Every structure is written in C-alpha cells, then in structure tokens.
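Undergrad: give me the fold of what follows.
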Amino acid sequence: MKRRLLTEVAVTTAVVLVAIRLWLSLLGSGIDALGGLPAIVIPVLFMWVPVWVMRAQGDDPDAFPLAVPSSDEREVWARSLKAFALTAAVITPPFVAIYAWWYGDLFPWLSSELCHVWRAVCPISRQVRHLSPHWVFPTEPLRLIAYHLLFVAPGEELFYRGYVQSRLDQVWAPRWKIAGATLGPGWLVTCAVFALGHSVVAFQWWHFAIFFPALIFGWLRARTGHVVAGALFHAWCNILVAFLDVAWGLQTPGLHG
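TA: Numbers count the residues shown, from 1 in each chain. Coordinates of the predicted model:
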C-alpha cells in the first residue's frame, strides 16, 4: 500500500511538472496569467491531474482538500482567513527586515568576496554592489495581485498540499505536534518536492530557499485542515516579494511570474 502511494505521488508529480515545462516551452514566452487562455492549462494540470489519478486508483478525491471550498462553507473560510491573517502579521515584519539586510549588506559583500575566486560572479557583484530601495512600485498592482491570488497560488497549493502532502501523510503518519498542527515526514518531503518542482519547470539558483516558506504553507494545511490559508499566504509571499524586488531595483515594474 505504501509503495503504491509513493509510486503514485512520484509519477503524478513528474508527469505534471514535465507537462508544464513542455507547455511553457511551447508558449515560448513564459506565463501570461491574464493575457491568454493557453496559460490556463497550468492550473488545470495542477488541480485536475490528481483528481483523475485518484479516481483511476479507485480512491475518493472528495476525501482530500482538492477543491476550493464553496461560499457556503463559512467555517472553513473563517478559520482559513484567521490563520492567514495571523501568520502574515507574524512573518511579514521579520521577512522584510531580513530581505533588506540580505540585499543591502550581506549579498553585496558575499558576491564581492566570491568575485575574487570565481569570475562568473563578478557581473552579479557589480550589479548588487549599490542596491538600495528606490520605492518604485509595480505598474499594474491589481493585475499582479490577481495573478498570484487566482492563478499561481491556488493550483500549486491544491496540488502540493492538497494532494502530495495528504497522500504522503497516508504513507508516514503525522506525529509531530508543532504550534497546534500535527505534522510528519510527508510535510518535509512535500516542501523539498515543492522547491525541486520549481527548478524542473524553470531553473533558478535560489529555488532551494523555497523550501522554507513551504514549511509554513504545509503547516497551515495541517493546522486548518484545508489549503485555503496556505494559498492566501502563498499568494501574499509572492506579491510581497514582487513589490520588494521592484522597490529594490531587482525587477522591472511589469507583471512578475
């Protein structure tokens, strides 16, 4: 039983990620969340492939949080909104402080030191040497918010936390009590798969760091019993980083995927 579940999760994850990578290659210009229907294939893959796989296995997808709750499920929404708001209030101030310290001091110093021993880093070193906030904001903030809130976060959370983490919890029973949530090895494995999945779709050297916010997404899934709070916090993290990246001159003010 456990081997079957592990095989199912591994194959399903690989198929979804490779399909998304190939689809983005066909699109040729990355994700344009609101600019064309072809990109809708990506959240459809995230949301529906697990449902199809579970039905093929004879399992009931409705036993898992694989859908956005309806407007009538007020308790789920209230619990999720409260968990999201508290988490965002606690995490945001230290995150912004760490971001400013990293790009204002540590990263410029580190890249400058590495430049002496690894010439490939020198262009990056020159680029980040004088980073400071200019308080420029994205040119289309509402579109940016809608992009992450409606397009990116729900699909990824329904797949990784609604399907992968839930399935892995069937393999390794959660037994760790952490701040009101019961978690297990499946939580950590899901975080690793989540970080790796980003690199499979489009590699960036910093993708390893995605593991850490994923810990909070997975904790919210276990704490609330659903993926709504995690999806809201996931979107909040993406939006916050997009605003900070533009403010610090790391990205242009246009829409960011």
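Undergrad: contacts and neighbour counts: CA atoms only from here.
TA: Noted.
Undergrad: contacts for stretch 197-206, please.
TA: Here stretch 197-206 makes contact (C-alpha atoms under 8 Å, 6 or more residues apart in numbering) with Leu17, Val18, Ile20, Arg21, His207.
Undergrad: got the contact list for the fourth one?
TA: With contacts defined as C-alpha under 8 Å, 6+ apart, Arg21 is in contact with Val200, Val201, Ala202.
Undergrad: and the first one, what element?
TA: For Val200, the element it lies in under DSSP states H and E is helix 185-201.
Undergrad: what subset of the contacts of Arg21 is buried?
TA: If you count burial by 16 or more other C-alpha atoms under 10 Å, the buried members of the contacts of Arg21 come out as Val201.
Undergrad: now, among the contacts of Arg21, which is nearest to Ala67?
TA: Val201 (23.3 Å; C-alpha to C-alpha).
Undergrad: pLDDT value on that closest one, please?
TA: Model confidence at Val201, expressed as pLDDT, equals 85.
Undergrad: likewise for the one 3 residues further on?
TA: In the prediction, the pLDDT value recorded for Gln204 is 80.
Undergrad: cool, the one 5 residues further on as well?
TA: Ala209 carries a pLDDT value of 91.
Undergrad: skip ahead from the lowest-mean-pLDDT helix or strand in the chain and say which helix or strand is next.
TA: Least confident helix or strand of the chain, by mean pLDDT, DSSP states H and E, is helix 122-128 with a mean of 61. Downstream of helix 122-128, the first helix or strand assigned by DSSP H and E is helix 141-146.
Undergrad: now the strands for the stretch 151-257 of the chain?
TA: Here the stretch 151-257 of the chain has its strands, by DSSP state E, counting those that start in this stretch, at 176-178, 181-183.
Undergrad: OK, contacts around Leu188?
TA: Leu215.
Undergrad: what separation do you get for it and Asp169?
TA: The span separating Leu188 from Asp169 equals 11 Å under the rule C-alpha to C-alpha, to the nearest Å.
Undergrad: ok, now Val201?
TA: Relative to Asp169, and taking C-alpha to C-alpha, Val201 is found at 25 Å.
Undergrad: and if you look at Leu81?
TA: 24 Å.
Undergrad: equivalent analysis for Val11, please.
TA: Taking C-alpha to C-alpha, one finds Val11 at 17 Å from Asp169.
Undergrad: likewise Ala179?
TA: 18 Å.
Undergrad: try Val152
TA: 24 Å.
Undergrad: neighbour-wise, which of these two wins?
TA: The residue with more neighbours, out of Val152 and Asp169, is Val152; 21 against 18, by other C-alpha atoms under 10 Å.
Undergrad: right, and the more buried one touches Pro43 too?
TA: Yes. With contact defined as C-alpha atoms under 8 Å, Val152 reaches Pro43; the gap is 7.3 Å.
Undergrad: quick one on the thing from earlier: ok, which of the strands of the stretch 151-257 of the chain comes nearest Val76?
TA: Counting by C-alpha to C-alpha, and looking across all of the strands of the stretch 151-257 of the chain, nearest comes strand 181-183 at 15.9 Å.
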